[in-house]
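A.B. asks: With the sequence up front, the predicted model follows.
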Amino acid sequence: MKTVLITGANKSIGFETARQLLQNGYYVYLGSRDPQKGQQAVDQLKSEGLKSVEPITIDVDNPDSIKAARETLGSRTAVLDVLINNAGISGGFPQTALDANIDMFRQVFETNLFGVIETTQAFVDLLRQSQEPRIVNVTSGLGSLTLHNDPSWKYYHVKGACYTASKAALNAYTIVLAYELRDTPFKVNAVDPGYTATDFNHHSGPGTVPDAAARLVKAATLGPDGPTGQFFSDDNAPDTGISPW
């Protein structure tokens, strides 16, 4: 049975991703910053008959929490097949380039970029034990610099200085990580779940949580011939599924 760790998985897209991977026969380590909320999420899944799941407390903003999560997971399994870096924050809007407080930039980058890097580095040894390791970095269409510079893009005027910069930086990290692992069985990709109705955007998005989660699951379950180093976005590239960086 393949194993997966999903950060920020106690609700919304992360939670639904856990549900869909369980339905696909994976053993899920459900990451949550709050132990109580993580356990509640696990209990909900088990009440649905999805038993192969357990909570892992992990706060990606806290290096000690990441280290503790790695020790906990390492005591339960010698192999991690999939890491889904799903935890993220918006920082709140509006965010203008001239007026956004530098502390907001630091907070958003701490979660959306530095937390991903530290989590990936902490768990990569377990991923290396897998025959088909997968890393999915949950990004946003708003992280595309190409599209942000295109006045014809439907979201051209949706610009958040902190959030956009953090996701563009995450995309850059994904490119470098995929390059470094190009001659290994790893598949490393960035996935935009789309503009989805969640607490993250006050349920303003037109997309559904199940559809968004399915996009993450698709990247997490890529076969050996699947792509790596790509920016998947059905929202921004409905024809090809590949967004410009």
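C.D. replies: Perfect, I can see it now. Residues are numbered from 1 along each chain as shown.

A.B. asks: Neighbours of Asn149, how many?
C.D. replies: Neighbour count for Asn149, taken as other Cβ atoms under 10 Å: 10. For glycine as for every other residue, the C-beta is placed from the backbone atoms N, C-alpha and C.

A.B. asks: now for the helix ranked longest in the chain, which elements pack on it?
C.D. replies: Longest helix in the chain, counting residues (DSSP state H): helix 161-180. Applying 3 or more Cβ pairs under 8 Å, 6 or more residues apart in numbering; DSSP states H and E, one finds that helix 161-180 contacts helix 102-109, helix 115-127, strand 134-138, strand 187-191.

A.B. asks: and the second one, which residues are buried?
C.D. replies: In terms of neighbour count (16 or more other Cβ atoms under 10 Å), helix 115-127 has its buried residues at 115-116, 118-120, 122-124, 126-127.

A.B. asks: And the strands in the protein?
C.D. replies: 3-6, 27-32, 53-57, 82-85, 134-138, 187-191, 231-232 (DSSP state E).

A.B. asks: which residues are contacting the first one?
C.D. replies: Contact partners of strand 3-6, identified using Cβ atoms under 8 Å, 6 or more residues apart in numbering, comprise 14, 17-18, 21, 26-31, 56, 73, 77, 79-84, 86, 123, 220.

A.B. asks: residue contacts, the closest residue to Leu142 other than its chain neighbours?
C.D. replies: Sequence neighbours aside, Thr164 is the residue nearest to Leu142 in space, at 5.1 Å (criterion: Cβ to Cβ, 6 or more residues apart in numbering). With contact taken as Cβ under 8 Å, 6+ apart, Thr164 is in contact with 142-143, 148.

A.B. asks: Next: Leu50.
C.D. replies: With Cβ under 8 Å, 6+ apart, Leu50 has these contacts: 19, 22-23.
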